[in-house]
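Participant: The following block contains a protein sequence and its predicted model.
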Amino acid sequence: MISFVSFKPDNSSPIYLQILAFVKRGIASGKIKDSDELPSRRALSVLLGINPNTVQRAFSMLEEEGLISSSHGVTSIVTAPPERVNKLKEEILAADAKSTAALFKQNGLSLEQAAALLAAYWEEV
């Protein structure tokens, strides 16, 4: 069963998108694996203290993207074969790199300065 204990919602985006991102990042990092079970929609809504329709929206989007499969009355299962995991990882890393590059540019850093800043923190993480 996938744990949402480390899920910490914030006000940066709608909660259903945060659930979607949490599951996607979990799959991409290998913390969530193919065939893992998700909590029921009702159980997750209680755990997170949110409306069940919000969880339903996130799960529907995960189904549309082919990352989970659900059957009526049965738990939702992650469907993430290795090729899908690799593609998801590439998508997430590309989006993060683009966002970071934009932040560096907005703050007036050159490519060389940005690379030096990144290199300075590389060993710390």
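Facilitator: Received, thanks. Numbering: from 1, shown residues only.

Participant: Low-confidence ranges, the protein, go.
Facilitator: 73 (pLDDT under 70).

Participant: can I see the domain layout of it?
Facilitator: If you go by automatic domain parsing, the domain ranges for the chain are 1-80, 83-125.

Participant: and those domains, which is most packed in?
Facilitator: Across the domains of the chain, averaging neighbours per residue (mean count of other CB atoms under 10 Å) puts domain 1-80 on top, at a mean of 15. Quick note: C-beta positions are derived from backbone N, CA and C, even for glycine.

Participant: That domain: how far from the chain's middle?
Facilitator: The gap between where domain 1-80 is centred and where its chain is centred comes out at 9 Å by CA atoms, centre = their mean, to the nearest Å.

Participant: Need the phi and psi values for residue 80.
Facilitator: In terms of degrees, to the nearest 10, the main-chain angles of residue 80 are phi -140, psi 80.

Participant: the strands in this protein, which residues?
Facilitator: Ranges of strands in the chain, per DSSP state E, are 68-69, 77-78.

Participant: Please work out which residues outside the first one touch it.
Facilitator: Strand 68-69 is contacted from outside by 23, 38, 59, 62-63, 76-79, using CB atoms under 8 Å, 6 or more residues apart in numbering.

Participant: What of stretch 7-27?
Facilitator: 2, 4, 32-33, 38, 44, 48, 50, 54-55, 57-58, 61-62, 67-68, 78, 80, 85, 88, 92.

Participant: Mind exporting the C-alpha coordinates of it to PDB?
Facilitator: The C-alpha atoms that make up stretch 7-27 are tabulated as PDB, following Å, rounded to 0.1, in the frame of the first residue of the first chain:
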ATOM      1  CA  PHE A   7       2.600  14.100   1.600                       C
ATOM      2  CA  LYS A   8       2.500  17.700   2.700                       C
ATOM      3  CA  PRO A   9       0.000  19.800   0.800                       C
ATOM      4  CA  ASP A  10       0.700  23.500   0.300                       C
ATOM      5  CA  ASN A  11      -1.000  26.400  -1.300                       C
ATOM      6  CA  SER A  12       1.100  26.400  -4.400                       C
ATOM      7  CA  SER A  13      -1.500  24.600  -6.600                       C
ATOM      8  CA  PRO A  14      -4.800  22.700  -6.300                       C
ATOM      9  CA  ILE A  15      -4.600  19.700  -4.000                       C
ATOM     10  CA  TYR A  16      -5.600  17.200  -6.700                       C
ATOM     11  CA  LEU A  17      -2.500  18.300  -8.800                       C
ATOM     12  CA  GLN A  18      -0.300  17.900  -5.700                       C
ATOM     13  CA  ILE A  19      -1.600  14.300  -5.300                       C
ATOM     14  CA  LEU A  20      -0.900  13.700  -9.000                       C
ATOM     15  CA  ALA A  21       2.600  15.100  -8.700                       C
ATOM     16  CA  PHE A  22       3.300  13.100  -5.500                       C
ATOM     17  CA  VAL A  23       2.400   9.800  -7.200                       C
ATOM     18  CA  LYS A  24       4.300  10.700 -10.400                       C
ATOM     19  CA  ARG A  25       7.400  11.600  -8.500                       C
ATOM     20  CA  GLY A  26       7.100   8.500  -6.300                       C
ATOM     21  CA  ILE A  27       6.900   6.400  -9.500                       C
END
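
Participant: Thank you kindly, that will do.
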